[in-house]
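> have a look at this fold, sequence not included:
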């Protein structure tokens, strides 16, 4: 899946040497009540975090990724159990969601190398993750299509946040330090890559997660099951 349209940017997805175009301005317009509920839920969560972190980009990014790594694991786990109960294939969606969770975890590992979180930031991450995991688990049990729509909007905000960071890097407001070894190895970046390069590839990953989750919600909103449509595996 390779989005196109205005505001495209070159980037890499998961570890690969290919290059693709990703639409960083793409937005799913909320049309139904469920869409609007998902959208405004994300907006309500966004503003307190923005006010708390302001321009502390690394701390904000670490919190984002701690939360973002939860939905794929929860969704993959529940689909795994459903597949076992029903003796049926998942159409690749278990793998796709677990790939998403692992990719988000690697984002977090990268930011930890760069940001060196303080004890109170670790405590905040621990608390937020604990609340979000249980809340998302219950939402997914009740309505997978709502859960995926919420994640789609969360990923839209992640794309917006990383775009803002890239702009601040370009303005010199954030030091463009060398990329950590973990990022160079995972995304197969050139040895002389910088922090900006890391944020570009991470933003590309987030566009993929955004589109996959909106796609998953669309499938279920139309009365189908995810297994009826092949999962978009891989990032390029």
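Yep, it's here. The model shown is predicted, which means the values in this text are computed figures rather than measured ones. Residues are numbered from 1 along each chain as shown.

> confidence score at the residue in the chain sticking out farthest from the centre?
Note on the chain: the largest C-alpha distance from the chain mean falls to residue 87, namely 29.8 Å (CA atoms, centre = their mean). The model reports residue 87 with a pLDDT of 92.

> from residue 36, how far off is residue 65?
In this structure, residue 65 lies at 26 Å from residue 36, with CB to CB, to the nearest Å as the measure. C-beta: built from backbone N, CA, C; applies to glycine.

> again, but for residue 203
Counting by CB to CB, the separation of residue 203 from residue 36 is 26 Å.

> between those two, which is the more surrounded one?
Regarding residue 203 and residue 36, a neighbour count based on other CB atoms under 10 Å identifies residue 203 as having more, with 21 against 12.

> buried stuff in the lengthiest helix in the chain?
Using DSSP state H to define each element, the chain has its longest helix at helix 57-86. Buried residues in helix 57-86, counting neighbours by 16 or more other CB atoms under 10 Å, are found at 57-80, 82-83.

> pull the distance from that helix to the chain's centre.
A distance of 9 Å separates the C-alpha centroid of helix 57-86 from that of its chain, computed with CA atoms, centre = their mean, to the nearest Å.

> what is the subsequent helix or strand relative to that helix?
Beyond helix 57-86 on the C-terminal side, the first helix or strand identified by DSSP states H and E is helix 93-115.

> quick one: residues in contact with that next one.
Counting contacts by CB atoms under 8 Å, 6 or more residues apart in numbering, the residues outside helix 93-115 that touch it are 14, 58-59, 61-62, 65-66, 68-73, 75-76, 79-80, 83, 177, 180-183, 186, 195, 198, 202, 205, 209, 212, 216, 226-227, 231-235.

> okay, the angle between that helix and helix 57-86?
The directions of helix 93-115 and helix 57-86 differ by 160 degrees, with axes from the mean of the first three to the mean of the last three CA atoms, to 10 degrees as the criterion.

> quick check: mean pLDDT of the host helix or strand of residue 45?
In the assignment (DSSP H and E), residue 45 maps to helix 33-53. Computed over helix 33-53, the mean pLDDT rounds to 81.

> repeat for stretch 94-107
Summarised as a single mean, pLDDT over stretch 94-107 is 94.

> buried sites along that stretch?
Along stretch 94-107, the positions that meet the burial threshold by neighbour count (16+ other CB under 10 Å) are 94-101, 103-107.

> what's the neighbour count on residue 181?
When neighbours are counted by other CB under 10 Å, residue 181 registers 11.
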